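J.: Structure here, sequence nowhere to be found:
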């Protein structure tokens, strides 16, 4: 476990700060489907992904979901430690999309080191600004892009993540990523099929026209 | 001009850091309607509002808008200095909604002091987390609340800001706050009128049933 992979500012921390962070970190292996963190009340800590895949998403009161970002190998997740930020409340949930191995630094330790370390605080600022910018981008998508564009972009992202043009994903899960109902996804996928962009089979979506999907996603 | 009103951590900064910030700050008076900052390319600086009212909003490629937050007396705005955060791009615009007086600390100065000051960096972290949380809240609204709820909440907010139940605001401006088209606002306001929640006159919206609007906003 090399913390400097996750913290580009590692060399700027004092030996004591480094010891505090490494000493408190715990390793956890989680199965696909594990809910790691849920809502503002929870405060799991600062996550460092060693392998696997997680997603962070918002959950509505009625149980609807929308994915805000994916976490892959070498990514870090700050929102699962958001309780350490004064006055902020994020109703963000984090779940494992694949079997994953991750390191967790408890929020209290992270907060204490950050309070005295300008390099760590500035690094954390940059992380938060990056995620903030992801969410702003997503909001623009939701506000102003059609579901056809967003669905095309999602299918392309999935294909890249899975390394395959045939996706094993249900319409319901797809809806949970995009913040929309299963029926709406089904209707749009059927439309995509009629446009010869995809081929639908039981439980799979095959992308048959990648350039066409890309054009739609970027229109 | 007392900086400690805007920076609760002022006393924790070194005398040199305080001097850098105060020495670089400039005061600006702007007329209602002035566009102060526009998009990721711009980098106005860190804003401190002395008086007046500003709004921060996102602008789509097609010219549609949605308000992300308001800035009132004693508020600060960080996104107008977002260029100082590595790797973040915020297409946020800031305009004066009323004649306003504000202080601006240039981004470069702010970034330089923050890089060496743990208290300033942690304070900035908290600010960003707060705005992030505002935007997440807004996204939940946009995703999962009906326009009727959002319009009712907006009318109540306006009435509170203006200190009046009779609002002089066009349907187009209302649409720009809510990220929707003028026609959609007009249709919804007419529905509100039929429900005896508001009374519409040329150029004004009078809120005639505050409890009813509140109930709708919170449903």
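T.: In hand now; what should we look at? Note that the structure is predicted; figures quoted are calculated from it, not measured.

J.: Quick one: list the elements packing against the longest helix seen in chain A.
T.: Longest helix in chain A, counting residues (DSSP state H): helix A:118-144. Packed against helix A:118-144 by the contact rule (3 or more Cβ pairs under 8 Å, 6 or more residues apart in numbering or on different chains; DSSP states H and E) you find strand A:65-72, helix A:107-116, helix A:147-162, strand B:53-59, helix B:107-116, helix B:118-144. Just so you know, the C-beta spots here come from the backbone N, C-alpha and C atoms, and that holds for glycine as well.

J.: tell me how far the fifth one is from the chain's mean position?
T.: Here the centre of mass of C-alpha atoms in helix B:107-116, compared against the chain's by Cα atoms, centre = their mean, to the nearest Å, lies 23 Å away.

J.: Show the secondary-structure elements that that helix is packed against.
T.: By 3+ Cβ pairs under 8 Å, 6+ apart, helix B:107-116 packs against helix A:118-144, helix B:15-24, helix B:118-144.

J.: So which of the ones you listed is nearest residue B:50?
T.: Closest of the helices and strands packed on helix B:107-116 to residue B:50 is helix B:15-24, at 14.3 Å (criterion: Cβ to Cβ).

J.: immediately after that closest one, which helix or strand?
T.: As assigned by DSSP states H and E, the chain's next helix or strand after helix B:15-24 is strand B:26-30.

J.: now that next one and strand B:53-59, what's the angle there?
T.: Strand B:26-30 runs at 80 degrees relative to strand B:53-59, counting by axes from the mean of the first three to the mean of the last three Cα atoms, to 10 degrees.

J.: Tell me which other helices or strands strand B:26-30 touches.
T.: Under the contact rule (3+ Cβ pairs under 8 Å, 6+ apart), strand B:26-30 is packed against strand B:100-105.

J.: which outside residues touch the strand it packs on?
T.: Applying Cβ atoms under 8 Å, 6 or more residues apart in numbering or on different chains, the contact partners of strand B:100-105 are B:1, B:21, B:24-30, B:32, B:44-54, B:81.

J.: which bits of chain A sit near chain B?
T.: Counting by Cβ under 8 Å from any Cβ of the partner chain, the residues of chain A close to chain B are A:58, A:60-62, A:64, A:66, A:82, A:85-92, A:114-118, A:121-122, A:124-126, A:128-133, A:135-136, A:138-140, A:142-144, A:179.

J.: Low-confidence stretches in chain A?
T.: Where chain A drops to pLDDT under 70, the residues are A:40-41, A:86-89.

J.: can we see that at 80?
T.: For chain A, the stretches flagged by pLDDT under 80 are A:1, A:39-42, A:60-63, A:81-91, A:219.

J.: List the buried residues of stretch A:206-219.
T.: Neighbour-count burial for stretch A:206-219 flags A:207, A:212, A:213, A:216, A:217 (criterion: 16 or more other Cβ atoms under 10 Å in any protein chain shown).

J.: List the ones among those that fall in strands.
T.: residue A:207 (DSSP state E).

J.: Just the buried residues of the longest helix of chain A, please?
T.: Applying 16+ other Cβ under 10 Å to helix A:118-144 flags A:118-133, A:135-143 as buried.
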